[in-house]
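> Sequence isn't available, so here's the structure alone:
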(Lines give C-alpha, C1' and ligand atoms only; values in the text may rest on other atoms or scores of the structure.)
Protein backbone atom coordinates (compact mmCIF):
# COMPACT_ATOMS: atom_id res chain seq x y z
CA UNK A 1 0.00 0.00 0.00
CA UNK A 2 1.10 3.53 -0.68
CA UNK A 3 1.97 5.96 2.12
CA UNK A 4 -0.68 8.63 2.60
CA UNK A 5 -0.54 12.38 2.99
CA UNK A 6 -1.44 13.51 6.52
CA UNK A 7 -4.43 15.65 5.49
CA UNK A 8 -7.86 14.13 6.11
CA UNK A 9 -9.71 13.51 2.82
CA UNK A 10 -12.70 15.80 2.54
CA UNK A 11 -14.64 14.00 -0.20
CA UNK A 12 -15.92 10.47 -0.29
CA UNK A 13 -14.01 7.93 -2.35
CA UNK A 14 -15.55 7.02 -5.69
CA UNK A 15 -17.84 4.03 -5.42
CA UNK A 16 -16.24 1.16 -7.28
CA UNK A 17 -16.85 -2.54 -6.88
CA UNK A 18 -14.64 -5.45 -7.77
CA UNK A 19 -15.87 -7.51 -10.73
CA UNK A 20 -17.13 -11.03 -10.08
CA UNK A 21 -14.30 -12.80 -11.92
CA UNK A 22 -11.59 -10.94 -9.98
CA UNK A 23 -13.43 -11.62 -6.72
CA UNK A 24 -13.54 -15.36 -7.45
CA UNK A 25 -9.83 -15.37 -8.33
CA UNK A 26 -9.03 -13.48 -5.12
CA UNK A 27 -11.10 -15.97 -3.12
CA UNK A 28 -8.91 -18.74 -4.59
CA UNK A 29 -5.73 -16.95 -3.47
CA UNK A 30 -4.64 -15.35 -6.76
CA UNK A 31 -2.10 -12.67 -5.75
CA UNK A 32 -2.80 -10.47 -8.77
CA UNK A 33 -6.50 -10.49 -7.90
CA UNK A 34 -5.58 -9.62 -4.29
CA UNK A 35 -3.63 -6.59 -5.51
CA UNK A 36 -6.60 -5.53 -7.64
CA UNK A 37 -8.94 -5.92 -4.67
CA UNK A 38 -6.69 -3.85 -2.43
CA UNK A 39 -6.27 -1.15 -5.09
CA UNK A 40 -10.05 -1.01 -5.55
CA UNK A 41 -10.87 -0.57 -1.85
CA UNK A 42 -7.81 0.92 -0.15
CA UNK A 43 -8.99 4.53 -0.46
CA UNK A 44 -12.38 3.72 1.09
CA UNK A 45 -10.84 1.69 3.93
CA UNK A 46 -8.11 4.23 4.62
CA UNK A 47 -10.56 7.16 4.50
CA UNK A 48 -12.96 5.44 6.89
CA UNK A 49 -10.23 4.70 9.43
CA UNK A 50 -8.78 8.21 9.08
CA UNK A 51 -12.15 9.81 9.73
CA UNK A 52 -12.92 7.57 12.69
CA UNK A 53 -9.61 8.56 14.27
CA UNK A 54 -10.56 12.22 13.66
CA UNK A 55 -6.96 13.42 13.65
CA UNK A 56 -5.75 11.23 16.52
CA UNK A 57 -2.76 8.89 16.24
CA UNK A 58 -2.06 9.26 12.53
CA UNK A 59 0.58 6.58 12.78
CA UNK A 60 -2.08 3.95 13.54
CA UNK A 61 -4.22 4.65 10.45
CA UNK A 62 -1.94 2.85 7.99
CA UNK A 63 -1.40 -0.03 10.44
CA UNK A 64 -5.15 -0.54 10.83
CA UNK A 65 -5.72 -0.30 7.08
CA UNK A 66 -3.14 -3.01 6.54
CA UNK A 67 -4.62 -5.14 9.33
CA UNK A 68 -8.03 -4.73 7.69
CA UNK A 69 -6.71 -6.13 4.42
CA UNK A 70 -4.90 -8.97 6.18
CA UNK A 71 -8.19 -9.97 7.80
CA UNK A 72 -10.11 -9.49 4.56
CA UNK A 73 -7.75 -11.73 2.60
CA UNK A 74 -7.84 -14.42 5.30
CA UNK A 75 -11.64 -14.44 5.41
CA UNK A 76 -12.25 -13.81 1.69
CA UNK A 77 -12.71 -17.49 0.74
CA UNK A 78 -15.73 -17.56 3.08
CA UNK A 79 -17.27 -14.30 1.77
CA UNK A 80 -20.56 -14.92 -0.06
CA UNK A 81 -21.26 -12.25 -2.68
CA UNK A 82 -24.93 -13.29 -2.64
CA UNK A 83 -25.08 -12.71 1.12
CA UNK A 84 -26.58 -9.73 2.94
CA UNK A 85 -23.55 -7.44 2.54
CA UNK A 86 -21.72 -6.20 -0.51
CA UNK A 87 -17.97 -6.72 -0.57
CA UNK A 88 -17.50 -2.99 0.15
CA UNK A 89 -19.83 -3.07 3.17
CA UNK A 90 -18.20 -6.25 4.47
CA UNK A 91 -14.74 -4.69 4.25
CA UNK A 92 -15.90 -1.43 5.84
CA UNK A 93 -17.39 -3.52 8.65
CA UNK A 94 -14.01 -5.08 9.34
CA UNK A 95 -12.27 -1.69 9.21
CA UNK A 96 -14.89 -0.06 11.46
CA UNK A 97 -14.73 -2.76 14.12
CA UNK A 98 -10.92 -2.77 14.16
CA UNK A 99 -10.86 1.01 14.51
CA UNK A 100 -13.53 1.20 17.20
CA UNK A 101 -11.69 -1.51 19.17
CA UNK A 102 -8.49 0.52 18.84
CA UNK A 103 -10.28 3.67 20.01
CA UNK A 104 -11.52 1.82 23.12
CA UNK A 105 -7.96 1.18 24.28
CA UNK A 106 -7.18 3.38 27.30
CA UNK A 107 -4.14 5.01 25.71
CA UNK A 108 -6.23 5.97 22.65
CA UNK A 109 -9.11 7.37 24.67
CA UNK A 110 -6.77 9.84 26.37
CA UNK A 111 -5.22 11.25 23.18
CA UNK A 112 -6.02 14.85 22.39
CA UNK A 113 -7.26 15.76 18.95
CA UNK A 114 -4.62 17.00 16.55
CA UNK A 115 -5.59 19.82 14.25
CA UNK A 116 -4.71 18.96 10.68
CA UNK A 117 -3.76 21.60 8.13
CA UNK A 118 -6.02 21.92 5.11
CA UNK A 119 -4.20 20.54 2.08
CA UNK A 120 -5.64 23.04 -0.43
CA UNK A 121 -3.56 26.25 -0.17
CA UNK A 122 -6.02 28.16 -2.37
CA UNK A 123 -8.94 27.55 -0.02
CA UNK A 124 -10.39 30.67 1.47
CA UNK A 125 -9.87 31.47 5.11
CA UNK A 126 -13.58 30.97 5.71
CA UNK A 127 -13.52 27.47 4.21
CA UNK A 128 -10.45 26.55 6.26
CA UNK A 129 -12.09 27.82 9.42
CA UNK A 130 -15.26 25.85 8.67
CA UNK A 131 -13.22 22.73 7.94
CA UNK A 132 -11.38 23.18 11.24
CA UNK A 133 -14.70 23.57 13.12
CA UNK A 134 -16.13 20.47 11.46
CA UNK A 135 -12.97 18.48 12.17
CA UNK A 136 -12.97 19.55 15.82
CA UNK A 137 -16.68 18.79 16.13
CA UNK A 138 -16.20 15.32 14.60
CA UNK A 139 -13.26 14.63 16.93
CA UNK A 140 -15.42 15.57 19.93
CA UNK A 141 -18.11 13.00 19.07
CA UNK A 142 -18.02 9.66 20.87
CA UNK A 143 -16.51 7.00 18.55
CA UNK A 144 -19.81 5.22 17.86
CA UNK A 145 -21.55 8.47 16.90
CA UNK A 146 -18.58 9.39 14.70
CA UNK A 147 -18.76 5.94 13.09
CA UNK A 148 -22.45 6.35 12.26
CA UNK A 149 -21.85 9.78 10.70
CA UNK A 150 -18.87 8.60 8.64
CA UNK A 151 -20.59 5.45 7.42
CA UNK A 152 -23.76 7.37 6.47
CA UNK A 153 -22.50 10.72 5.20
CA UNK A 154 -19.13 9.80 3.73
CA UNK A 155 -19.55 6.19 2.63
CA UNK A 156 -23.27 6.35 1.84
CA UNK A 157 -24.32 3.23 3.73
CA UNK A 158 -28.02 2.94 4.49
CA UNK A 159 -29.39 2.44 8.01
CA UNK A 160 -29.64 -1.34 7.58
CA UNK A 161 -26.01 -1.58 6.45
CA UNK A 162 -24.80 0.64 9.29
CA UNK A 163 -26.79 -1.45 11.75
CA UNK A 164 -25.06 -4.58 10.43
CA UNK A 165 -21.61 -2.98 10.56
CA UNK A 166 -22.03 -1.78 14.15
CA UNK A 167 -24.17 -4.72 15.29
CA UNK A 168 -27.06 -2.45 16.31
CA UNK A 169 -30.70 -2.23 15.40
CA UNK A 170 -31.75 0.37 12.83
CA UNK A 171 -33.57 2.46 15.45
CA UNK A 172 -30.37 2.82 17.45
CA UNK A 173 -28.51 3.84 14.31
CA UNK A 174 -31.12 6.51 13.57
CA UNK A 175 -31.02 7.89 17.11
CA UNK A 176 -27.21 7.95 17.22
CA UNK A 177 -27.12 9.69 13.85
CA UNK A 178 -29.70 12.21 15.02
CA UNK A 179 -27.74 12.93 18.23
CA UNK A 180 -24.48 13.17 16.31
CA UNK A 181 -25.94 15.59 13.76
CA UNK A 182 -27.39 17.73 16.55
CA UNK A 183 -24.04 17.76 18.36
CA UNK A 184 -22.25 18.72 15.13
CA UNK A 185 -24.72 21.54 14.43
CA UNK A 186 -24.37 22.82 18.00
CA UNK A 187 -20.57 22.62 17.96
CA UNK A 188 -20.23 24.31 14.59
CA UNK A 189 -22.75 26.97 15.52
CA UNK A 190 -21.16 27.57 18.94
CA UNK A 191 -17.66 27.77 17.51
CA UNK A 192 -18.89 30.15 14.81
CA UNK A 193 -20.07 32.68 17.38
CA UNK A 194 -16.74 32.71 19.25
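Perfect, thanks for sending it. What you see is a predicted model, and the numbers here were worked out from it, not measured in a lab.
> check contacts around the residue nearest to the spatial centre of the chain.
Centroid-nearest residue in the chain, with Cα atoms, centre = their mean: residue 48, separated by 1.4 Å. Counting by Cβ atoms under 8 Å, 6 or more residues apart in numbering, residue 48 makes contact with 92, 95-96, 99, 150-151, 154-155. C-beta here means a position set from N, CA and C on the backbone, and glycine is covered the same way.
> immediately after the helix or strand of the chain with the lowest mean pLDDT, which helix or strand?
Using mean pLDDT, DSSP states H and E, the weakest-scoring helix or strand in the chain turns out to be helix 106-109, at a mean of 62. Downstream of helix 106-109, the first helix or strand assigned by DSSP states H and E is helix 125-140.
> Quick one: list the elements packing against that following helix.
helix 170-193 (3 or more Cβ pairs under 8 Å, 6 or more residues apart in numbering; DSSP states H and E).
> circling back: the residue nearest to the centre of the chain sits in which helix or strand?
helix 31-53.
> List the buried residues in that helix.
Judged by neighbour count (16 or more other Cβ atoms under 10 Å), helix 31-53 contains these buried residues: 33-34, 36-38, 40-53.
> what stretches of this structure score poorly on pLDDT?
Along the chain, segments meeting pLDDT under 70 span 1-16, 107-124, 190-194.
> tell me the angle of the helix or strand residue 59 falls within relative to helix 31-53?
For residue 59, the host element (DSSP H and E) is helix 58-75. Angle, helix 58-75 to helix 31-53, by axes from the mean of the first three to the mean of the last three Cα atoms, to 10 degrees: 140 degrees.
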